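Asker: Output the structure for:
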Amino acid sequence: MTSAKAQRSFYLLLAFLGGFHVMLLEMCAFRVLSTNYGSSIFTSGVLLSLIMVALSAGYYLGGRFSERNETLRFLLLVLLGAVIYVELFDVLLAKRLLDWAFAWRVSLVKSGSDVAVRSALPAGLATVLLYAAPMIGLSQITPYLIKRTSSASSDAESEHVGKISGRLMAVSTVGSIVGTLATTFVFVPKLGVRGTLAVFSISTIGVVLVGLLLERSLDTTVKVALLLAAVCGAAFFSSDPREEGLIAERESYYGNIKVFRKKDEHGRPYLVYQQTRVTFQTKSYVTQPLRNHYIMQSMSPGVVFDAKSWLVLGVAGGSMINTLDAWRPGRAVTAVDIDRASLDIAREHFRVSPRVKMVAADARMFLRDTQKRYDFIFVDVFLGEQVPTHCATKEFFALVRERLSENGVLSINSHMVNLPRLPKLSRQPSVASWHLHSTLYAAGFASVFHNDIFVSGNVYAFKRPTTAAQLQQRYYRALSDSKLGDDVRASLAATMVSTLAVPRKPEAKPFTDNWVPETVLQRKQPVDGYSRVVSAAPRAEALGASKRPLHQAFASGLHENGPAFWRQGKGRQPMCLAAVAGFRRADVTVHELARHHVSHFCGPGPKTGGVARYRDYIVGLRAVRAWDGKRALPPLLRTVEFFRHHSS
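Answerer: Coordinates of the predicted model:
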């Protein structure tokens, strides 16, 4: 080195950048994994664990290599390798590797793997492929520098290895702090992940070249510069193939938002808003908003109870707002989303009306800060496919209830399947929707209903006591208006006959700020576990011979991986008989969704009294699912009349 002072200064710079770059890559990893595999605690947990494994390996190797190499050149070449790896694997090959890991996730989902498994394993594979190697390289810096500094010190100074180590560790930690903040608030939001990785590569190349010059390795410096220019140039000029139909893409603090223009099987154009590749958040026929049966189902309680003021928590593409504007124009709407970019995209691409008041805020913080009351509140808050835990607790829904008017209605897009309870079973399956229902009752709501058309998990909660008959009457009155279009009336009819009152479940513990187990909350459709519990139960514990097959059919029909006896066709006729019998009895322990899915296995069922209406129900729901209100309305109207007559 040219001088001891230059050496110490360079070592401190290297320690700072080591900590800085570790956190820069880790924050990039969080963004990449969350936009590809979701932002669950399982994804975060496996990422942090594997990063710490890589750091531990790097610390160990750094100590070993520092004993074998008397100069800094070896460490600088390790950092050079980290840059080359990042440019090759995190830039040039990133999409292929992520696609490979995501394909594994798809296969895990199809095989019925647990949510923790299908979240953790693909994310873990991606972490190892993209980030393990550079993390191992970067974490070698501190132990290497400690050895070099203590070896280069005088005899008196070498006695203070603890002081030297503390100084380097402190500087490295300060670098980690700066790297975390800079990546979070500046690099990723302004430059995106790819631009942030360019910051990593450029700054690392700079410090490597300076180090080689200080080592007086001019020839090596020139060779390294040429090699890096070739690798980084290839990465810089490369680009991922543009995804089909992509019309807009924007990175924000909360995700990588994409908007696609697509066409359905009839050639009708629609837009898709997607924040993670795991699922899309919005499908919108922008020019025909009343085709959106999913959204109409969610908002229908507010319409049939004639809510004047609406609060939408979670905007995404703004489909509900556009549908409301077409269905009931003139309503006062406040739309809240934590991501400012979502609000901008809703205005620019999904044509949300400028009359709508849009607020960029966390849903819970908005409820805490506002004092306004609303007739209808829609909760549709997701991070990818995950429900944010702070927006699923008794305390959160107590805030929601406080912000409702006296006759206010809450609607939740939960995606939680409401599986039937089996009270005589000694071992009950774990079902997230049961805990959500208990949470709403614990928050003070008087009546709760659940609708599971297409496994959408819409939950309706009323501030005042409301009976199933009162709710059905409201829907019947609304859908009887012949001036409404076929799509609207079909959606109302399907919702009316598929919405069930939810009784209180004292045995289901409510979610609270102190108790929100992710393993329960994020298992929104625990069909496999439910099916296993039912199939393994002794007959003496079941609800009875006539009901047991129906529960099994319910679990089997929801998922292609039902019990083996069902796939083999055994017990088909008893299950069909039980399904139709349950439909005729309108037994509240038998969910309407069972009838829909059982139809895929049973067909129209045996030729008995209620089978024609059962078939109408299935035909109507299939037409609704195909966004074909004209074809859906006649059979659903017949089903409604049968339902009303039977209920009375």
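
Asker: Any figure for the gap between the residue lying closest to R268 once chain neighbours are set aside and Y294?
Answerer: With sequence-adjacent residues excluded and distances taken as Cβ to Cβ, 6 or more residues apart in numbering, R268 is closest to Y285, at 6.5 Å. C-beta coordinates here come from the backbone N, C-alpha and C atoms, glycine included. With distances taken as Cβ to Cβ, to the nearest Å, Y285 is found 11 Å from Y294.

Asker: longest helix of the chain?
Answerer: Looking only at the chain and at elements set by DSSP state H, the helix with the highest residue count is helix 4-37.

Asker: elements contacting it?
Answerer: With contacts taken as 3 or more Cβ pairs under 8 Å, 6 or more residues apart in numbering; DSSP states H and E, helix 4-37 sits against helix 41-68, helix 94-110, helix 115-127, helix 133-138, helix 141-152, helix 161-182, helix 188-214.

Asker: quick check, distance from the last one to the centre of its chain.
Answerer: On the basis of Cα atoms, centre = their mean, to the nearest Å, helix 188-214 sits 32 Å off its chain's mean C-alpha point.

Asker: re the thing from before, quick one, phi psi at the residue nearest to R268?
Answerer: With angles defined as degrees, to the nearest 10, Y285 sits at phi -80, psi 90.

Asker: Could you check how many residues crowd around it?
Answerer: By the criterion of other Cβ atoms under 10 Å, Y285 has 19 neighbours.

Asker: That one contacts Y270, doesn't it?
Answerer: Yes - under the criterion of Cβ atoms under 8 Å, Y285 is in contact with Y270, at a separation of 4.7 Å.

Asker: how about the strands of the chain, start to end?
Answerer: Under the criterion DSSP state E, the chain contains strands at 246-251, 256-263, 269-274, 282-284, 309-313, 332-337, 357-360, 374-379, 404-413, 447-451, 458-462, 499-501.

Asker: Lowest mean pLDDT across those, which one is that?
Answerer: When the strands of the chain are compared on average pLDDT, strand 282-284 comes out lowest at a mean of 78.

Asker: how about that strand: buried residues?
Answerer: Of the residues in strand 282-284, those scored as buried under the neighbour-count criterion (16 or more other Cβ atoms under 10 Å) are 282-284.

Asker: Out of those residues, which comes closest to A360?
Answerer: If you rank the buried residues of strand 282-284 by distance to A360 using Cβ to Cβ, T282 comes first, at 17.5 Å.

Asker: my guess is the closest one meets A316, correct?
Answerer: Yes - under the criterion of Cβ under 8 Å, T282 lies in contact with A316, with a separation of 4.5 Å.

Asker: got any residues that touch both of these two?
Answerer: Y273 (Cβ atoms under 8 Å, 6 or more residues apart in numbering).

Asker: ok so, going back, looking at the helices and strands packed on helix 4-37, which is buried most?
Answerer: When the helices and strands packed on helix 4-37 are scored by mean count of other Cβ atoms under 10 Å, the highest mean neighbour count falls to helix 133-138 (a mean of 25).

Asker: From S405, how far off is A307?
Answerer: When distance is defined by Cβ to Cβ, A307 is 8 Å away from S405.

Asker: for the protein, which spans come out with low pLDDT?
Answerer: Low-confidence segments of the chain, defined by pLDDT under 70: 1-3, 112, 152-160, 216-242, 277-281, 383-385, 420-430, 454-455, 522-615, 646-648.

Asker: tell me the contacts of R401?
Answerer: Each residue near R401 by Cβ under 8 Å, 6+ apart is listed here: 408, 410, 443-445, 463.

Asker: how does it look with 10 Å?
Answerer: Contacts here follow Cβ atoms under 10 Å, 6 or more residues apart in numbering; on that basis R401 touches 367, 377, 408, 410, 440, 443-446, 461, 463.

Asker: Can you say which of those are buried?
Answerer: Buried positions within these, assessed by neighbour count (16+ other Cβ under 10 Å), are 367, 377, 408, 410, 440, 443, 445, 461, 463.

Asker: from those, which is closest to A332?
Answerer: Among those, and counting by Cβ to Cβ, the member closest to A332 is I377, at 12.9 Å.

Asker: distance of that closest one from N413?
Answerer: Shown here: I377 relative to N413, a distance of 12 Å by Cβ to Cβ.

Asker: just I41 next, same as before
Answerer: Distance check for I41 against N413: by Cβ to Cβ, it reads 21 Å.

Asker: before we move on, what about P354?
Answerer: The value you get for P354 to N413, if Cβ to Cβ is used, is 25 Å.

Asker: and what of G255?
Answerer: 18 Å.

Asker: so L125 makes contact with D99?
Answerer: No - with contacts defined as Cβ atoms under 10 Å, L125 does not count as touching D99, sitting 11.8 Å away.

Asker: A346 is in contact with V315, isn't it?
Answerer: Yes - taking contact to mean Cβ under 10 Å, the distance of 5.5 Å between A346 and V315 places them in contact.

Asker: Residues that sit against both of the two, list them.
Answerer: When contacts are counted by Cβ under 10 Å, 6+ apart, A346 and V315 are jointly contacted by 273, 282, 321, 335, 337, 352, 356, 358.

Asker: now for these, which pair is the farthest apart?
Answerer: The largest distance within the shared contacts of A346 and V315, taken as Cβ to Cβ, falls between Y273 and V356 and amounts to 16.2 Å.

Asker: what about the helices and strands packed on helix 4-37, which gets the closest to A469?
Answerer: Each of those was scored for nearness to A469 using Cβ to Cβ, and the closest is helix 115-127 (36.9 Å).

Asker: quick one: D628 and L13, what's the gap?
Answerer: 66 Å.

Asker: related to what we said a few turns ago, take the helices and strands packed on helix 4-37 and lay them out in a markdown table including distance to E26.
Answerer: Rendered in a markdown table, the data for those read as follows (distance: least, Cβ to Cβ, whole Å):
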| stretch | distance to E26 |
| --- | --- |
| helix 41-68 | 6 |
| helix 94-110 | 16 |
| helix 115-127 | 10 |
| helix 133-138 | 8 |
| helix 141-152 | 15 |
| helix 161-182 | 8 |
| helix 188-214 | 11 |
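
Asker: Counting neighbours, which of the shared contacts of A346 and V315 comes out on top?
Answerer: The most crowded member of the shared contacts of A346 and V315, judged by other Cβ under 10 Å, is I321 (28 neighbours).

Asker: check contacts around that residue.
Answerer: Taking Cβ under 10 Å, 6+ apart as the test, what I321 contacts is 289, 295, 299, 310, 312, 315, 331, 333-335, 346, 350-353, 355-356, 358, 378.

Asker: what's the answer for A307, then?
Answerer: Listed by Cβ under 10 Å, 6+ apart, the contact set of A307 reads 299, 301, 324, 328, 331-332, 374-377, 404-405, 407-409.

Asker: at 6 Å instead, please
Answerer: Residues counted as contacts of A307 (Cβ atoms under 6 Å, 6 or more residues apart in numbering) are 375-376.

Asker: same deal with S309?
Answerer: Contacts for S309 (Cβ under 6 Å, 6+ apart) come out as 332, 374-375.

Asker: Looking at these, spot the one nearest S165.
Answerer: Out of these, the one with the shortest distance to S165 is Y374. That distance is 58.3 Å, counting by Cβ to Cβ.

Asker: Chain neighbours aside, what residue packs nearest to the closest one?
Answerer: Y374 sits nearest to L311 (Cβ to Cβ, 6+ apart), 4.3 Å away.

Asker: Contact partners for that neighbour?
Answerer: The neighbourhood of L311, defined by Cβ under 6 Å, 6+ apart, consists of 334, 374, 377.

Asker: mind redoing it with 7 Å?
Answerer: Applying Cβ atoms under 7 Å, 6 or more residues apart in numbering, one finds that L311 lies in contact with 334, 374, 377, 403.
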